[in-house]
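>>> Quick one, what's the 3D model for this:
(2 chains)
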Amino acid sequence: MLTTAFGLVFDPYVLAVIVGSAAFGLFVGAIPGLTATMATALLVPVTFFMDPVPAIAAIVTATAMAIFAGDIPAALLRLPGTPASAAYVDESYAMTRKGQLELNLGVNLVFSVVGGLIGTVVLVTAAPALAEVALNFSSFEYFWLALLGLTCAVFISPSSPLKGVISLLIGLGIASIGIDVTAGHPRFTFGSVEMMGGVSFIPAMIGMFAVSEVMRSVCDADAPLKLAQERIGNVFRGIGAVTRRYWKNVLRGSVIGTAIGALPGAGADIAAWISFAVSKKFSKEPEKFGTGHIEGIVDATSANNSALSGAWIPALVFGIPGDSITAVVIGVLYMKGMNPGPTVFMQAADQLYAVFIVFFLANLLMLPLGLAAIRLSGQILRAPRTVLMPIILMFCIVGAFAINNTVFGVGIILVMGILAWVMEENGFPVAPAILGMVLGELLEGSFMTSMIKADGDLLAFFHRPIAAVLGVATIALWLSPLLLRLLRKR
Amino acid sequence: MQRRHLLGVAGAVFGLLAAGSAQAAWPERPVTVIVPWGAGGGTDATARIIASLLEKELGKPFNVVNRTGGSGVVGHSAIATAAPDGYTLGMITVEINMMHWQGLTPLTYKDYTLIAQVNADPAALQVRTDSPYKSAKEVLAAAKANPGKLKASGTGQGGIWHLALAGMLQSAGIPPANVPWVPSQGAAPAMQDLAAGGVDIVTCSIPEARAMIEAKKAVGLAVMDSVRNPIFPDVPTLKEATGSDWSTAAWRGIAGPKGLPAEVQQKLGAALKKVYDSAEYKKFMADRGFGVVWKDAKDFDAFLAKSDADFGALMKQLGLAK
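Below is the predicted model of the structure:
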């Protein structure tokens, strides 16, 4: 099986796709405002014409590169290239001001690679094992998993929980359009045949992540960027010393990152924030944080890259996305006939192992290509917005059309783009809405089928042992804010 | 207004010219083949192999386009409403005889120019490996004795495998309502739910059940066909297992919108027959475990008329028809 998998990856076409998407990912990641999710969304129409392995390899590589590349403008411009670098952008820039730009970029590169590799090891070992367990999951377990995922998305969202819930309900509302999963009855279709198919989430996501970003950049025309330092020296000097001093931080950051990545709704950005905070809390010299201190950056830059791999665990095993990138990936997997779920490890094992190999390859390739991106950063960062944005919009429209060969898809990206823009401008997080759209069908379908199986007995959700544990955990999570408040009053 | 009128006339003239030339030497440009189901599935795979072989046969590209959604309604509508010039064809599936009974669409098989049926996958009955029921007879006995106890799955509400189950029960004199149907997103998730203990029996085709059977998570008890399946020759037919004559299958065929020019029908029909008879097609289908069945336009039409009426009667009894 492994030889077949290697054969699938070490094919000139697949390798060319990997290198090409690496360059694309580095570019998108380095441009402030363009995110890794957007890189994924833009890749979808291109991958549409590829075999499953190169298609997924393109996404894996581009996102890994983008998350690292987001660190470059953070150091040079004090602007995070992707939200995943936002947690340590000030620290990073402070280092540049202290004349430690090279050390900072070197640490970002090397520990992004290490974090990505550790995350991948966890993915490769945990996912098949978890799938073995998940083979015993029925609709009762999936109902709780979906509910747990949606709950996490609301709790983790950075704004108020109320806004998170509203965003989630918007997503669930959109998910209910089309033919209902249980009874096969059309809902909210207004007699349109296209609407019967529902709002497919790939065009929806292209709209929410790419079109909304284009709209935002039209609204805030920003001043020309000014680089903090033009010449960049040897970035690998001093890495050895940092590794010896902070290797525990690398491990800790990677583990936290993978775990947070695996939580539905939380991705690389939240992984970086949390591991940065953890780093400060447990540091021997917390007073140095904020003055251009490398320690927190080591944690966070490992964490955001490991989170990428972690997010694939629930996505592959349960079809529940760990972050917004894997939300798009799930759509791609369905298009390629590699339907996520525990059986994918039986039905598409060769392809899946090929994808795992790509994860390793992409992270290793980050070292030379990332170095090239650092060298070229001056040129990349000068790419004019006024040229980029129209090109992106064009890609969005072509992509939305290509997915189902219908203008309806173009309509979806525009409507969803406007929706996402209005939501974000008013402080509503978009992630819960996405998760609602992706999980709405699973939530409803698993509830309805469970009820049919149990002849309407609600307690059946606690009859099976795993379902009972998941159910209790979910309810405990809901009650936790209340309980915490009560405890504090005492 | 007048300008628009002129444009309309010009368009009509060009349209006629184009149609005229189409009839002259079809195909003279690429042909689109619409598939109402997603890429990677069985219908998609069958359509793609046929398209690639037709391309060899007729010398022009045949491009497969997936138009998914709405339980097949979207894609089936797209085939029926395309221009009948021979440049948009499609693969229609068993659902065309069911969707209109459910009130999802007014479309029936009569809205197409039928070319030929190329495949049929009979329904089969599966249980979990550790199931207390070791044969189709035991399953039927349990269904008769304990109404509502056994739960079955395999596809969405009113889908082909739902009807396969209902027909099987009815043929054995058991009310179909004795085994409640648990709708699923398709055969693969239903088989997983079977393995996980969520449902007791799954009716779906052999190729769909194959992975779980080969992984020893499920066993096949009967095929609802007149002959055994070559992949699992140990699994008896329903007739052998229970004496019931019930048989049903999911089928796939090539069709175009209504009113396809006679020349196109003839040329396409002949090319399709060659494709069907080719070793490549037979090997591809055998490798995947898909059944091959050939019915030319006339037989296809007669088969569809009978099956449409049968499904209608069955779905009315199940309360699925509107």
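
>>> And what about the residue nearest to residue B:251 when sequence neighbours are not counted, helix, strand or coil?
Of all residues not flanking residue B:251 in the chain, residue B:120 sits nearest, at 4.3 Å (C-beta to C-beta, 6 or more residues apart in numbering or on different chains). To be clear about C-beta, it is placed using only N, CA and C from the backbone, and glycine gets the same treatment. Following DSSP: H, G, I helix; E, B strand; the rest coil, we place residue B:120 in the strand state.

>>> before we move on, what about residue B:202?
strand.

>>> Where does the stretch 301-450 of chain A get nearest to chain B, residue-wise?
Closest to chain B within the stretch 301-450 of chain A is residue A:337: 1.6 Å, counting by C-beta to the nearest C-beta.

>>> who does the helix or strand where residue A:53 lies touch, helix- and strand-wise?
Following DSSP states H and E, one finds residue A:53 within helix A:52-69. Counting contacts by 3 or more C-beta pairs under 8 Å, 6 or more residues apart in numbering or on different chains; DSSP states H and E, helix A:52-69 packs against helix A:2-9, helix A:12-30, helix A:36-47, helix A:101-134, helix A:294-310, helix A:324-335, helix A:349-375.

>>> Packed most tightly, which of those would that be?
helix A:294-310 (a mean of 33; mean count of other C-beta atoms under 10 Å in any protein chain shown).

>>> Can you get me a residue count around residue B:239?
17 (other C-beta atoms under 10 Å in any protein chain shown).

>>> The residue nearest to residue B:251 reaches residue B:291, doesn't it?
Yes - applying C-beta atoms under 8 Å, one finds residue B:120 in contact with residue B:291, separated by 5.1 Å.

>>> okay, and the common contacts of those two?
Contact criterion C-beta atoms under 8 Å, 6 or more residues apart in numbering or on different chains; residues shared by residue B:120 and residue B:291: residue B:249.

>>> Over to residue A:228. Which of the three states is it?
Assigned state for residue A:228: coil (three-state reduction, three-state DSSP).

>>> Enumerate every residue touching it.
Applying C-beta under 8 Å, 6+ apart, the residues near residue A:228 are A:75, A:76, A:77, A:78, A:93, A:96, A:97, A:101.

>>> Now do it, the pLDDT please.
We have a pLDDT of 73 for residue A:228.

>>> The residue in the stretch 101-250 of chain A that chain B sits nearest to: neighbouring residues, count only.
Closest to chain B within the stretch 101-250 of chain A is residue A:197: 2.0 Å, counting by C-beta to the nearest C-beta. Using other C-beta under 10 Å, residue A:197 has 24 other residues around it.

>>> go on, residue A:248?
Residue A:248 has 11 neighbours, counted by other C-beta under 10 Å.

>>> tell me which element it is part of?
Counting by DSSP H and E, the element that carries residue A:248 is helix A:239-262.

>>> quick one: that helix to helix A:101-134, angle?
40 degrees (axes from the mean of the first three to the mean of the last three C-alpha atoms, to 10 degrees).

>>> nearest residue to residue 82 other than its sequence neighbours?
Using chain A. residue A:70 (3.5 Å).

>>> my bad, the chain I had in mind was chain B
Here the residue nearest residue B:82, using C-beta to C-beta, 6+ apart, is residue B:88, at 3.5 Å.

>>> how close does the one you found sit to residue B:62?
11 Å (C-beta to C-beta, to the nearest Å).

>>> Which neighbours do those two have in common?
Common neighbours of residue B:88 and residue B:62 (C-beta under 8 Å, 6+ apart) are B:31, B:32.

>>> How about the residues of the stretch 201-350 of chain A by chain B?
Within the stretch 201-350 of chain A, the positions adjacent to chain B are A:334, A:335, A:336, A:337, A:338, A:339, A:341, A:342, A:343, A:346, A:347 by C-beta under 8 Å from any C-beta of the partner chain.

>>> Where do the helices of chain B begin and end?
For chain B, helices defined by DSSP state H occupy the ranges B:2-24, B:42-58, B:73-81, B:136-145, B:160-171, B:187-195, B:206-214, B:238-242, B:262-277, B:279-288, B:297-318.

>>> how about the shortest one: buried residues?
Neighbour counts over helix B:238-242 (16 or more other C-beta atoms under 10 Å in any protein chain shown) mark B:238, B:239, B:241, B:242 as buried.

>>> one step back: wouldn't the residue of the stretch 301-450 of chain A closest to chain B be in contact with residue A:52 here?
Yes - in this structure residue A:337 lies within contact range of residue A:52 using C-beta under 8 Å: 7.2 Å.

>>> ok, these two, which is more surrounded?
Neighbour count, other C-beta under 10 Å: between residue A:337 and residue A:52, residue A:52 has more, with 23 against 17.

>>> If I look at the more buried one, what pLDDT would I see?
Here the pLDDT value assigned to residue A:52 is 89.

>>> Apart from its chain neighbours, what residue comes closest to it?
In space, residue A:52 is closest to residue A:336, 4.0 Å off (C-beta to C-beta, 6+ apart).

>>> Tell me how many other residues crowd residue A:273.
21.

>>> Give me the below-cutoff pLDDT ranges for the chain.
Picked chain A for this. A:158, A:221-225, A:490 (pLDDT under 70).

>>> hm, I was asking about chain B
Residues of chain B that meet the cut-off, pLDDT under 70, sit at B:1-24, B:40.

>>> Go ahead and confirm residue A:322 touches residue A:261.
Yes - applying C-beta under 8 Å, one finds residue A:322 in contact with residue A:261, separated by 5.3 Å.

>>> list residues touching both of these two?
With C-beta under 8 Å, 6+ apart, residue A:322 and residue A:261 have common neighbours A:267, A:307, A:310, A:311, A:313.

>>> so what's the first one up against?
Residue A:267 makes contact with A:84, A:260, A:261, A:307, A:308, A:311, A:322, A:323, A:324, A:325, according to C-beta under 8 Å, 6+ apart.

>>> contacting residues around the residue nearest to the third one when sequence neighbours are not counted?
By that I understand residue A:261. Nearest residue to residue A:261, sequence neighbours excluded (C-beta to C-beta, 6+ apart): residue A:310, at 2.8 Å. By C-beta under 8 Å, 6+ apart, the residues touching residue A:310 are A:119, A:122, A:123, A:257, A:258, A:259, A:260, A:261, A:262, A:271, A:322.

>>> Counting neighbours, what do you get for the fourth one?
To tie it back to what came earlier, the one meant is residue A:257. 36.

>>> gap between it and chain B?
30 Å (C-beta to the nearest C-beta, to the nearest Å).

>>> Am I right that that residue is in contact with residue A:307?
Yes - between residue A:257 and residue A:307 there is a contact at 4.2 Å, judged by C-beta under 8 Å.

>>> just to revisit the earlier point, for the contacts of residue A:267, could you give me CSV that also reports distance to residue A:286?
As requested, the contacts of residue A:267 are exported to CSV (distance: C-beta to C-beta, whole Å):
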residue, distance to residue A:286
A:84, 23
A:260, 21
A:261, 26
A:307, 24
A:308, 28
A:311, 29
A:322, 30
A:323, 29
A:324, 32
A:325, 32
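
>>> Return the closest of the residues you listed with respect to residue A:429.
residue A:324 (10.8 Å; C-beta to C-beta).

>>> Spell out which residues of the stretch 351-490 of chain A are next to chain B.
Residues of the stretch 351-490 of chain A lying near chain B (C-beta under 8 Å from any C-beta): A:404, A:405, A:406, A:445, A:448, A:449, A:452, A:453, A:455, A:464.
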